[in-house]
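1. Structure, please.
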Amino acid sequence: MRRVKVMRDEYLINQAKKLVEQQRPLPMDTVMKLNLLERQLKLPSIEFDSLFRLAIKDMNIISMWR
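-> Sure, this is the predicted structure:
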């Protein structure tokens, strides 16, 4: 059962990477999508946290331009 949870978490992290690897600037809803993916994680992930921080920084930069 634990193996299934880890595989599911890896899938969610890969989905998060795809969201963050989009062309810059990231769409505003990227942070919301990442938040939804993070809530589905079974185990905390440092890698996911770094992707989340990157998306938030990008969102803050975009909001400063407007």
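2. Could you tell me how many residues sit around the nearest residue to E47 once chain neighbours are set aside?
-> Nearest residue to E47, sequence neighbours excluded (Cβ to Cβ, 6 or more residues apart in numbering): I13, at 5.9 Å. The C-beta positions use only the backbone N, C-alpha and C, and glycine is treated the same way. Per other Cβ atoms under 10 Å, the neighbour tally for I13 reads 17.
3. list the buried ones in the helix or strand harbouring I13?
-> Using DSSP states H and E, I13 maps to helix 2-20. Buried residues in helix 2-20, counted by 16 or more other Cβ atoms under 10 Å: D9, L12, I13, A16, L19, V20.
4. and M7, what is it in contact with?
-> Applying Cβ atoms under 8 Å, 6 or more residues apart in numbering to M7 gives no contacts.
5. just to revisit the earlier point, what separates the helix holding I13 from the chain centre, distance-wise?
-> Centroid separation between helix 2-20 and its chain, computed with Cα atoms, centre = their mean, to the nearest Å, is 10 Å.
6. I'd like the average pLDDT over that helix.
-> Helix 2-20 carries an average pLDDT of 84.
7. Kindly report the same for stretch 23-40.
-> For stretch 23-40, mean pLDDT is 84.
8. Using PDB, list the CA coordinates for that stretch.
-> In PDB, the C-alpha atoms belonging to stretch 23-40 read as follows (Å, rounded to 0.1, in the frame of the first residue of the first chain):
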ATOM      1  CA  GLN A  23       6.500  29.300 -21.000                       C
ATOM      2  CA  ARG A  24       7.100  32.300 -18.800                       C
ATOM      3  CA  PRO A  25       5.300  34.200 -17.400                       C
ATOM      4  CA  LEU A  26       3.300  31.400 -15.800                       C
ATOM      5  CA  PRO A  27      -0.500  31.800 -15.900                       C
ATOM      6  CA  MET A  28      -2.000  33.200 -12.700                       C
ATOM      7  CA  ASP A  29      -3.900  30.100 -12.000                       C
ATOM      8  CA  THR A  30      -0.800  28.000 -11.800                       C
ATOM      9  CA  VAL A  31      -0.400  28.600  -8.100                       C
ATOM     10  CA  MET A  32      -4.000  27.400  -7.500                       C
ATOM     11  CA  LYS A  33      -3.400  24.300  -9.500                       C
ATOM     12  CA  LEU A  34      -0.200  23.500  -7.600                       C
ATOM     13  CA  ASN A  35      -2.100  24.000  -4.300                       C
ATOM     14  CA  LEU A  36      -4.700  21.500  -5.400                       C
ATOM     15  CA  LEU A  37      -2.000  19.000  -6.300                       C
ATOM     16  CA  GLU A  38      -0.200  19.600  -3.000                       C
ATOM     17  CA  ARG A  39      -3.300  18.700  -1.100                       C
ATOM     18  CA  GLN A  40      -3.400  15.300  -2.800                       C
END
